[in-house]
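Trainee: what's the 3D shape of this:
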Amino acid sequence: MSETFENEEPAGKPAFDLGTALSSIARRWYVIAAIIPLAAGAGHVLGHKLGKDSYEAETMVLYSQSADSRDATDPKTEILTLVDTVKLPENLARTIAILHLKTTPDILGKATDVEVGKNTTLMTIDAKWNSPEQTAAIANTLRDVFLAGVKTRLDTASSSMNSELEAQLTDVRSQQKIADAHLAGFITANQIVDIDKQAKSLLDEYNQMTVLLEQAQADRTTVQQQALDINDAVAQLKDTVAKERSVTASMESTGDVGIRIDRLREMINDDRAHRENVTELAYLKSELDRVKKLYDAGAVSEARYDEALTLYQKQDALTNDTPQIDAWKTQLTRLQKSITPAKDASTPSGALLETMVQKTFEIQLQKVAVVQRANYLLGQRNSVKLQLDRIPYLQRQYVVLSRDCDSLNQQRKDLEGKIALAQDMAEHEGASFTLVSAADVPEAPLKSTRKMITLGVSVGMILAGVASLVALELLDKRIKSPAEIRLHFDIPILCSIPFYPKGLAPFPGEPRSTIALQLSPVARRVRQSISSGCARIVVVGVSQGSGLTTVTANLAAAFGRQGEKVLLIDGQQHPNAGSRQFETLLDRENGGRGLAEYLKDPACELSLAVARTSMDGVDCMLPNGVEIMPDLFGSHRMNGLFDEAAKSYTTVLVEAPMLLSSVESEMLIHNADVIMLVARSESTLTKDIEKALEKIAVSGKSVAGIILNGVGPAFLKRE
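Mentor: Model (predicted):
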């Protein structure tokens, strides 16, 4: 063969031909058309089975605090805190248990929502579920569980607070009792009624005592001076009396003097005791008056006043004689006068001396009384001063004890107030929820996933079907169009023969058939490619069912119409494998012995083996039902057949067995000038063509081109 057809492809070839793939998919529109209703039906069924309607229901409650509640918390702030407790896990679990829901608290929590209106205490519990009845039940049940939980917490808190507060109150009362006892003991021990008034009273008393003390001290000085003066006078009188008594001593008896001395001593003692009692009575009288004033002013207790009154009455009884005692003293005086000698018997200065002595005794008694009174007043003033000095300490102690009592009293009042608040909360609940509206069973779903699932399944199945179809087409390694041959191989495409249904292919001798019109240019180009002599052409099929016999017969007819003398050799090694169509072309009157007889019998001449056909210029050699051994195709007899045929024919056209399944084809192509491959669209695999080309290349021959048989209309339109 002097020239070949070139059809080079650029580097970087794609894996598939897009146009062929689209045409292949498009021609299967009926598959997609069948998938669409199936996908729609499946989507409808799955949408109703798997899809769910979402319903929404809500319930509203109004939060408020009772009018007498002592809780100062703003209700708007309190409700924001309570909102967070609606969807507690225990509330959600309780709701699930009550309604027997087959779900978890987490899922139920996501399906519910709690909101509070802006600047209001209106709380809304919203539920979304796939059942209208359960949606309303979830909202109402969660609300009831929440309200019950709030009440339980309030009751528990109130009970716990009451118990704790009662214990604290008992302890405070015990401490207060002890503190009150300490304060009362302090007041009693220190005779405190009003410490401020008592301090003022003590100051007044101190001032009075100071005045009285100064007077007593002045009286003492006066009495002492009087005592000195009278002592001098008495001393002088004693000298005078002594002189006078020396004259009259004989006239007075010793017994009378003794009686007088005893009488004077008794009188001195009585007068001294009387004066002491009078002084004490005067002091107790002033003390009683002072205590009475303090008692009337509320500065001392009644016990202190009673004590002062008792002391005064006792001293009054000791100082002032009763009428009976006065009568007895009168009688005693009369008896003493009758017993005592008359004064006329004494000296003239004796009476004066007696009077002066009595005066001396009186002054001595006054001196004693004044000294005692001054000492008493000094002691009393020191006592008052000591009490005044203790006032700051008493005030501090009184303040500390009073403060302890006041603090404990305030604690008691606070605890009592808290207990009253807790009891009020327990009775009035402090705050309450008012049901504004219960959740009603929704009539229509809020949204539904059925349409979405239906659409998704339908579209998914359609896309999956189309994707599967595309995948099958892309994974299909069969040659479908000439474009795919150009894409994968660097060999010319001689022609594309359209697809004919089985039994409807045109008869090889028909010159106006599509196959004839396609193969005529091929025959012309092939013949022109051979410069001179007999053209030896081998047509070989890539795989079984490629339509090799039809192509070969129509190609022989094309050569014949172009004036060539053609010998068509059927090289199929198995009997009846490809000769049935050829037998329809034979001239029954001029049938030859066939190829098998020619190869086996050296005596058989070519003219006897050749049979006439109904096609102009075409003779043929058929196996005639006799199996030809493969070795005969490589024998000298077969090689001689080409040389002998060249004497009578211009073209020898050999239909070789399938290249991939036989060795005969490899033997035949050694004698070929032109080798043409025949592949069938949608039947021959790409790898089979590659193997066929490799086999031909090993034999040292090249392929003139490939004929693609059975190409569908969708692929022919692109050529």
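
Trainee: quick one: least confident helix or strand in this protein?
Mentor: helix 579-583 (a mean of 53; mean pLDDT, DSSP states H and E).

Trainee: Show the pLDDT at Ala148.
Mentor: pLDDT, Ala148: 89.

Trainee: Ile98 versus that one, what's the distance?
Mentor: 11 Å (C-beta to C-beta, to the nearest Å). For the C-beta atoms, the positions are set from N, CA and C on the backbone; glycine is no exception.

Trainee: where are the low-confidence patches of the stretch 101-250 of the chain?
Mentor: Low-confidence segments of the stretch 101-250 of the chain, defined by pLDDT under 70: 191, 193, 195, 245-250.

Trainee: Strands along that one, start to end?
Mentor: 112-116, 122-129 (DSSP state E, counting those that start in this stretch).

Trainee: ok, now the chain?
Mentor: Assigned by DSSP state E, the chain shows strands spanning 53-65, 112-116, 122-129, 431-437, 447-448, 493-498, 535-541, 566-570, 611-612, 618-621, 651-656, 674-680, 705-711.

Trainee: List just the one of those strands that sits closest to Val399.
Mentor: Val399 lies closest to strand 53-65 among these, at 41.9 Å (C-beta to C-beta).

Trainee: In PDB, list the C-alpha atoms belonging to that closest one.
Mentor: Written as PDB, here are the backbone C-alpha positions of strand 53-65 (Å, rounded to 0.1, in the frame of the first residue of the first chain):
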ATOM      1  CA  ASP A  53     -46.200  18.200  59.700                       C
ATOM      2  CA  SER A  54     -45.000  20.700  62.300                       C
ATOM      3  CA  TYR A  55     -47.800  22.200  64.400                       C
ATOM      4  CA  GLU A  56     -47.500  25.200  66.800                       C
ATOM      5  CA  ALA A  57     -49.400  25.900  70.000                       C
ATOM      6  CA  GLU A  58     -48.900  28.500  72.700                       C
ATOM      7  CA  THR A  59     -50.200  29.200  76.200                       C
ATOM      8  CA  MET A  60     -49.800  32.500  78.100                       C
ATOM      9  CA  VAL A  61     -49.700  33.200  81.800                       C
ATOM     10  CA  LEU A  62     -49.500  36.600  83.600                       C
ATOM     11  CA  TYR A  63     -47.200  36.900  86.500                       C
ATOM     12  CA  SER A  64     -48.100  39.300  89.400                       C
ATOM     13  CA  GLN A  65     -47.300  39.800  93.100                       C
END
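
Trainee: by contact count, what packs against it?
Mentor: helix 75-83, strand 122-129, helix 132-189, strand 431-437, strand 447-448 (3 or more C-beta pairs under 8 Å, 6 or more residues apart in numbering; DSSP states H and E).

Trainee: what lines up beside it in the sheet?
Mentor: strand 122-129 (antiparallel), strand 431-437 (antiparallel), strand 447-448 (antiparallel) (DSSP bridges).

Trainee: Run the chain-centre distance for the first one.
Mentor: Its chain's C-alpha centre and that of strand 122-129 lie 19 Å apart, by C-alpha atoms, centre = their mean, to the nearest Å.

Trainee: got the angle for it vs helix 132-189?
Mentor: Strand 122-129 runs at 140 degrees relative to helix 132-189, counting by axes from the mean of the first three to the mean of the last three C-alpha atoms, to 10 degrees.

Trainee: So what touches strand 122-129?
Mentor: For strand 122-129, contacts defined as C-beta atoms under 8 Å, 6 or more residues apart in numbering pick out 54-63, 79, 82-83, 86, 111-117, 135-136, 138-139, 142-143, 146, 433, 436, 439, 446.

Trainee: Would you confirm that Phe642 contacts Val652?
Mentor: Yes: if you go by C-beta atoms under 8 Å, Phe642 and Val652 touch, sitting 6.0 Å apart.

Trainee: Whichever of the contacts of strand 122-129 end up buried, select them in PyMOL.
Mentor: Entered in PyMOL, the line below selects the buried ones among those, by 16 or more other C-beta atoms under 10 Å:
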select buried, resi 54+55+56+57+58+59+60+61+62+63+79+82+83+86+111+112+114+116+135+136+138+139+142+143+146+433+439
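
Trainee: Who are the contact partners of the residue lying closest to Arg220 once chain neighbours are set aside?
Mentor: Counting by C-beta to C-beta, 6 or more residues apart in numbering, Arg220 lies nearest to Val370, which is 4.4 Å off, once chain neighbours are set aside. With contact taken as C-beta under 8 Å, 6+ apart, Val370 is in contact with Ala216, Asp219, Arg220, Val223.

Trainee: among these, which are in helices?
Mentor: Among the contacts of Val370, DSSP state H puts Ala216, Asp219, Arg220, Val223 in helices.

Trainee: now, which of those residues sits nearest Phe715?
Mentor: Once C-beta to C-beta is applied, the member of those that ends up nearest Phe715 is Ala216, at 156.4 Å.

Trainee: State the distance from that closest one to Asp229.
Mentor: 20 Å.

Trainee: now do Ser301
Mentor: 50 Å.

Trainee: more neighbours, the two?
Mentor: For Ser301 and Asp229, the more surrounded residue by other C-beta atoms under 10 Å is Ser301, and the numbers stand at 16 against 11.

Trainee: on that earlier part again, can you put the strands of the chain in a markdown table and add distance to Glu244?
Mentor: Output for those, formatted as a markdown table (distance: least, C-beta to C-beta, whole Å):
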| stretch | distance to Glu244 |
| --- | --- |
| strand 53-65 | 116 |
| strand 112-116 | 129 |
| strand 122-129 | 129 |
| strand 431-437 | 118 |
| strand 447-448 | 153 |
| strand 493-498 | 202 |
| strand 535-541 | 207 |
| strand 566-570 | 219 |
| strand 611-612 | 229 |
| strand 618-621 | 224 |
| strand 651-656 | 212 |
| strand 674-680 | 201 |
| strand 705-711 | 200 |
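
Trainee: Compare those and give me the one nearest Gln366.
Mentor: Proximity to Gln366, assessed across the strands of the chain by C-beta to C-beta, is greatest for strand 53-65 (86.9 Å).

Trainee: any idea how far Ile491 is from the closest residue to Leu548 other than its chain neighbours?
Mentor: Leaving aside its chain neighbours, Leu548 sits nearest to Gly541 (3.7 Å; criterion: C-beta to C-beta, 6+ apart). Relative to Ile491, Gly541 is positioned 15 Å away (C-beta to C-beta).

Trainee: quick one: which of the two has more around it?
Mentor: Applying other C-beta under 10 Å to Gly541 and Ile491 shows that Gly541 carries more neighbours, namely 32 against 20.

Trainee: so where's the stretch 451-600 of the chain shaky on pLDDT?
Mentor: 503, 505, 507, 509, 573-591.

Trainee: now the helices for it?
Mentor: Assigned by DSSP state H, counting those that start in this stretch, the helices in the stretch 451-600 of the chain fall at 482-488, 514-529, 548-561, 579-583, 595-600.

Trainee: need these in TSV with distance to Met638, can you?
Mentor: Shown next, in TSV, are those (distance: least, C-beta to C-beta, whole Å):
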stretch	distance to Met638
helix 482-488	31
helix 514-529	22
helix 548-561	18
helix 579-583	18
helix 595-600	6
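
Trainee: To Ile391, which of the ones you listed lies closest?
Mentor: Across the helices of the stretch 451-600 of the chain, closest to Ile391 is helix 482-488 (C-beta to C-beta), at 126.2 Å.

Trainee: next one: that closest one to chain centre, how far?
Mentor: Centre to centre, stretch against its chain (C-alpha atoms, centre = their mean), the figure for helix 482-488 is 64 Å.
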